[in-house]
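> have a look at this fold, sequence not included:
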């Protein structure tokens, strides 16, 4: 009987990449992917530990899976439950204590060992949250055909130790993959029909992978090398830290046509006092000046960022500084969150929390401002023509969907054979979360 695996991912793009690679590992062992845990022989939850709510979602899901596992066992069917990712790394023992139905707990650096861990779990429950000596990427199978756009991990871990963040503890120190390994995976993606690659890392612009001569290569040069691969029309990268944004990367935005005019650059707060408490090691004005330089290099660049409201000790004046920064810079999109204390981080030990009601009010005000900027940006696209990479069928029959260079979602009427192509689309209407347009013509592939 055909074996099936269900893989669900929470959180960031890195997790999405890791989930896809775990599906590849299981596929190499003969497991077909399924969209339903009800008929899965293996269920993998690839978890996120950035916020408390994300972690609790995992435990809630595990409760449902325990019932499902029991029902399948009553039918004589075996189900293995795997918790992977950052919650696994941080809370391996607690997961086993809270949910005995879990068979395997595996950290984000060890999922290449899944087949062995699953085999061992037949005898006893298994936890593997070590940071292995070997490079997991050397042990992963060839990627399955991923579609028109794909993530490609080039860097993992972080050395910044922001006071609110668990990443240095769950993902480890900054490590960059060798240039040759990145280019080989990018070439394989291009051969599989991928047109757009997003280079990802916890702190991707700190990339310093070894080149052919052993010397470190920065992200800007890596982008140039990926751009030379035939078939790759578009390149993006995420997520960056302002302190690692060098002159070469700014020039790359002006000089490399394949590098898309979109930048996600978290700032977290507009208050210098709070940025200091967060251990961000930059000020609001330093962030503003950096954005000015990027915009001079690429005037049409679309900006995205992350914001935390209610960091311990944040006052009304601090929050006002954040609103002022948002108004001055203007963002196409952004992610904003209430501060969530994570065990083991310096901020979690602070004794000056912001009341929940205050956090909620500040988040609503900030989100309203960011939403107004997003809607204005989308409305400004009406009447314009964009090159759109068609990625998939649309929501309705006869439609397809894709992205503009500025990462705006677009839906329009066109035949499915356009999927994988770059076409010109005139935007007719801006919706809440998507643009709607009309096909003009197929554009020349970049």
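Thanks, I have it. Bear in mind the structure is a predicted one, so any value in this text is a computation, not a measurement.

> can you give me the strands in the stretch 151-300 of the chain?
Taking DSSP state E, counting those that start in this stretch to define them, one finds strands in the stretch 151-300 of the chain at 155-156, 175-176, 196-200, 209-210, 216-217, 234-238, 262-264.

> dump those strands to CSV, plus mean neighbour count, distance to residue 228 and mean pLDDT.
From N, CA and C alone the C-beta is placed, and that goes for glycine too. Formatted as CSV, those follow (neighbours: other CB atoms under 10 Å; distance: least, CB to CB, whole Å; pLDDT from 0 to 100):
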stretch, mean neighbour count, distance to residue 228, mean pLDDT
strand 155-156, 24, 20, 92
strand 175-176, 20, 20, 93
strand 196-200, 23, 12, 97
strand 209-210, 18, 16, 97
strand 216-217, 16, 14, 98
strand 234-238, 24, 11, 97
strand 262-264, 24, 21, 98
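
> now those strands in JSON lines, with distance to residue 104?
Below are the strands of the stretch 151-300 of the chain laid out as JSON lines (distance: least, CB to CB, whole Å):
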{"stretch": "strand 155-156", "distance to residue 104": "21"}
{"stretch": "strand 175-176", "distance to residue 104": "24"}
{"stretch": "strand 196-200", "distance to residue 104": "25"}
{"stretch": "strand 209-210", "distance to residue 104": "30"}
{"stretch": "strand 216-217", "distance to residue 104": "36"}
{"stretch": "strand 234-238", "distance to residue 104": "29"}
{"stretch": "strand 262-264", "distance to residue 104": "32"}
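
> and residue 406, which of those strands is closest to it?
Between residue 406 and the strands of the stretch 151-300 of the chain, the shortest separation by CB to CB is 5.4 Å, and it involves strand 262-264.

> gap between that closest one and the chain center?
Relative to the chain's own centre, strand 262-264 is displaced by 13 Å; criterion: CA atoms, centre = their mean, to the nearest Å.

> in its sheet, what does that strand sit against?
strand 302-309 (parallel) (DSSP bridges).

> give me the distance from the strand it pairs with to the chain's centre.
With CA atoms, centre = their mean, you get 14 Å for strand 302-309.

> and that strand with strand 234-238, angle?
20 degrees (axes from the mean of the first three to the mean of the last three CA atoms, to 10 degrees).

> buried residues, strand 302-309. List them.
302, 303, 304, 305, 307, 308, 309 (16 or more other CB atoms under 10 Å).

> and which of these is nearest to residue 57?
Of all these, residue 308 has the smallest distance to residue 57: 19.1 Å, by CB to CB.

> surely the closest one and residue 337 touch.
Yes - taking CB atoms under 8 Å as the definition, residue 308 is a contact partner of residue 337 at 5.8 Å.

> quick one: neighbours of the nearest residue to residue 195 once chain neighbours are set aside, just the number.
Nearest residue to residue 195, sequence neighbours excluded (CB to CB, 6 or more residues apart in numbering): residue 233, at 4.7 Å. Residues contacting residue 233 under the criterion other CB atoms under 10 Å number 22.

> cool, and residue 70?
11.

> what sits up against whichever strand or helix holds it?
With elements taken from DSSP states H and E, the one containing residue 70 is helix 52-74. Identification of contacts with helix 52-74 by CB atoms under 8 Å, 6 or more residues apart in numbering yields 8, 10-11, 37-38, 43, 45, 47-49, 78-79, 81, 83, 87, 91, 95, 98-102, 340-342.

> buried set for that helix?
54, 55, 57, 58, 59, 61, 62, 65, 66, 68, 69, 72.

> same deal with stretch 114-126?
Buried-residue list, stretch 114-126, by 16+ other CB under 10 Å: 114, 117, 118, 121, 126.

> go on, stretch 22-30?
Result for stretch 22-30 [16+ other CB under 10 Å]: buried residues 22, 23, 24, 25, 26, 27.

> with stretch 7-26 instead?
7, 9-26.

> please apply the same query to stretch 29-44.
31, 34, 37, 40, 41, 42, 43, 44.

> among those, name the ones in helices.
In helices, judged by DSSP state H, none of the buried residues of stretch 29-44 are found.

> which of those residues lies closest to residue 406?
Looking across those and measuring by CB to CB, the closest to residue 406 is residue 44, at 33.5 Å.

> test my guess that that closest one contacts residue 7.
Yes - with contact defined as CB under 8 Å, residue 44 reaches residue 7; the gap is 4.5 Å.

> so where do the helices sit in this protein?
Going by DSSP H, the chain shows helices at 13-28, 52-74, 86-98, 114-120, 167-170, 179-191, 219-227, 247-255, 272-277, 284-297, 316-329, 356-379.

> elements contacting the fourth one?
On a contact count with 3 or more CB pairs under 8 Å, 6 or more residues apart in numbering; DSSP states H and E, helix 114-120 meets helix 13-28, strand 80-85, strand 104-106, strand 126-128.

> for the last one, what is the distance to the chain centroid?
Here the centre of mass of C-alpha atoms in strand 126-128, compared against the chain's by CA atoms, centre = their mean, lies 25 Å away.

> swap in the longest one?
If you compare the mean C-alpha spot of helix 13-28 with that of the full chain, they lie 13 Å apart, counting by CA atoms, centre = their mean.

> same deal with the third one?
The chain centroid and the centroid of strand 104-106 are separated by 22 Å under CA atoms, centre = their mean.

> packing partners for that strand?
Counting by 3+ CB pairs under 8 Å, 6+ apart, strand 104-106 packs on strand 80-85, helix 86-98, helix 114-120, strand 126-128.

> same deal with the second one?
Strand 80-85 sits against helix 13-28, strand 42-47, helix 52-74, strand 104-106, helix 114-120, with contacts defined as 3+ CB pairs under 8 Å, 6+ apart.

> can you give me the angle the third one makes with helix 86-98?
Between the axis of helix 52-74 and that of helix 86-98 there is an angle of 50 degrees, by the same axes, to 10 degrees.

> not counting sequence-adjacent ones, nearest residue to residue 197?
residue 152 (5.2 Å).

> which pLDDT value goes with the one you found?
Here the pLDDT value assigned to residue 152 is 94.

> swap in residue 53?
On the pLDDT scale, residue 53 gets 69.
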